[in-house]
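# Sequence and predicted structure, then a few things I'm wondering about:
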Amino acid sequence: MGDDFARLESEYGDDPVAYEKEITTCAMSAFRTMFGASTPDPARVGAPAWGKEPHIWGACSHNPVGTKRDSRDDLAERMRKRVYFAGEATDGRRPGTTHGPLLSGEAAAGRFLTRWVCTRW
């Protein structure tokens, strides 16, 4: 979906309303494929066009004062036993790094393989 979102940002990035509508349509199509046609629309969508923001390029997440380290690990928990999350924001040990997304992606893939492949043998 990354390439789709990049294309949508390029095409609709100057029109935030159209951009969010197209992002929602694209994402909901994927979610309904995974979870079924009865998956409800989101109550709210926030879809910043990061590539159009000149002061944000290369941005990463941060912890506000008082945030627990486990908060990032909570983001990595799978949803409905089907959706696995990864990214630097999901790595409690390496937040805000360039290797955090890679390592968290490998960890998410490992959890997926353990759940869906290894249990089928």
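Sure thing, it's come through.
# Could you chop this protein up by domain?
Domain assignment for the chain, taken from automatic domain parsing, gives 2-52, 70-120.
# quick one: which of these is nearest His62?
Of all those, domain 70-120 sits nearest to His62, with 6.5 Å by Cβ to Cβ. Glycine gets a C-beta too; all of them are placed from N, C-alpha and C.
# Name the helix or strand for the most centrally placed residue in the chain, please.
Against the mean C-alpha coordinate of the chain, by Cα atoms, centre = their mean, the closest residue is Phe85 at 6.3 Å. According to DSSP states H and E, Phe85 maps onto no helix or strand at all.
# State the distance from it to Glu22.
Using Cβ to Cβ, to the nearest Å, we find Phe85 at a distance of 22 Å from Glu22.
# Kindly report the same for Ser104.
Distance from Ser104 to Glu22, counting by Cβ to Cβ: 27 Å.
# So for the two, which residue has more residues nearby?
Ser104 (26 against 19; other Cβ atoms under 10 Å).
# who touches that one in this structure?
By Cβ atoms under 8 Å, 6 or more residues apart in numbering, the contact list for Ser104 reads 76, 86-88, 90-91, 94.
# let's see 10 Å
72-73, 75-76, 84-95 (Cβ atoms under 10 Å, 6 or more residues apart in numbering).
# Give me the distance between the host helix or strand of it and the centre of its chain.
Assigned by DSSP H and E, Ser104 belongs to helix 99-116. Its chain's C-alpha centre and that of helix 99-116 lie 14 Å apart, by Cα atoms, centre = their mean, to the nearest Å.
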